[in-house]
Structures are given as structure tokens and as C-alpha cells.
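Undergrad: just need the structure, nothing else, for what follows:
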Amino acid sequence: MNDSEQRSAELSTAPPRHAAAPPTTPCTVVWSQGRPYVLENSTGRPRWMGTDRRGRPLALTRDELCRRGWSYHRAR
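TA: Reported below is the predicted structural model:
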């Protein structure tokens, strides 16, 4: 088995990042695509706040965060 076949096999058997929905406790930090996001609920509408690759503020809804994938731990 060559390296690319081995990587493909590892990826296909790897568990999903996180199968459950993101937490709902304010100030919780999760990671998505190598960036931290904090749950804010100051306006009555919960949103996950983080930054994009250029450091600009980025707000995600719960559904957007689920689509992007998330974890309690930073990926290495």
C-alpha cells in the first residue's frame, strides 16, 4: 500500500470531528478549520464569533458551524 492509499484508508475510518450539535452555553470555545470560535448571546440571538484568515470578525450561526465541522480541541 503506498502513502496516498494509506492516508485515504485512515481518513475513511476516522471518526467525524464531532457528531453532536455545538454546545449552547455562552462563552464556550470550539475550534473550526483551525480557528477558535466563542459563543456569544448578547443580542438574544446566539452566534459563534471568530475571525477569518485575515483577522476580520466572522459570525457563524449554529448551522454554519455544523457544516464547517467543529471540535473542542484544536487540530494539529
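
Undergrad: only C-alpha atoms from now on, for both contacts and neighbour counts.
TA: Will do.

Undergrad: what is the mean pLDDT for stretch 22-32?
TA: Stretch 22-32 carries an average pLDDT of 90.

Undergrad: just the CA atoms of it, as PDB, please.
TA: Only the C-alpha atoms of stretch 22-32 are listed here, as PDB (Å, rounded to 0.1, in the frame of the first residue of the first chain):
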ATOM      1  CA  PRO A  22     -22.400  22.600  19.100                       C
ATOM      2  CA  PRO A  23     -22.800  23.500  22.800                       C
ATOM      3  CA  THR A  24     -25.300  26.200  23.800                       C
ATOM      4  CA  THR A  25     -23.500  27.500  26.900                       C
ATOM      5  CA  PRO A  26     -22.400  31.200  26.400                       C
ATOM      6  CA  CYS A  27     -18.600  31.800  26.300                       C
ATOM      7  CA  THR A  28     -17.900  28.200  25.200                       C
ATOM      8  CA  VAL A  29     -14.900  27.900  22.900                       C
ATOM      9  CA  VAL A  30     -14.800  25.500  20.000                       C
ATOM     10  CA  TRP A  31     -12.400  25.100  17.000                       C
ATOM     11  CA  SER A  32     -13.300  25.100  13.400                       C
END
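
Undergrad: centre of the chain to that stretch, how far?
TA: 9 Å (CA atoms, centre = their mean, to the nearest Å).

Undergrad: stretch 35-43 now?
TA: Distance, stretch centre to chain centre, for stretch 35-43: 12 Å (CA atoms, centre = their mean).

Undergrad: who's in contact with stretch 45-53?
TA: With CA atoms under 8 Å, 6 or more residues apart in numbering as the contact definition, stretch 45-53 has outside contacts at 35-41, 57-62, 65.

Undergrad: what about 6 Å?
TA: Identification of contacts with stretch 45-53 by CA atoms under 6 Å, 6 or more residues apart in numbering yields 37, 38, 39, 40, 57, 58, 59, 60, 61.

Undergrad: could the residues you listed go into CSV alongside distance to residue 76 and secondary structure?
TA: CSV is the format used below for the contacts of stretch 45-53 (distance: CA to CA, whole Å; DSSP: H, G, I helix; E, B strand; the rest coil):
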residue, distance to residue 76, secondary structure
37, 17, strand
38, 20, strand
39, 22, strand
40, 26, strand
57, 23, strand
58, 22, strand
59, 24, strand
60, 22, strand
61, 25, coil
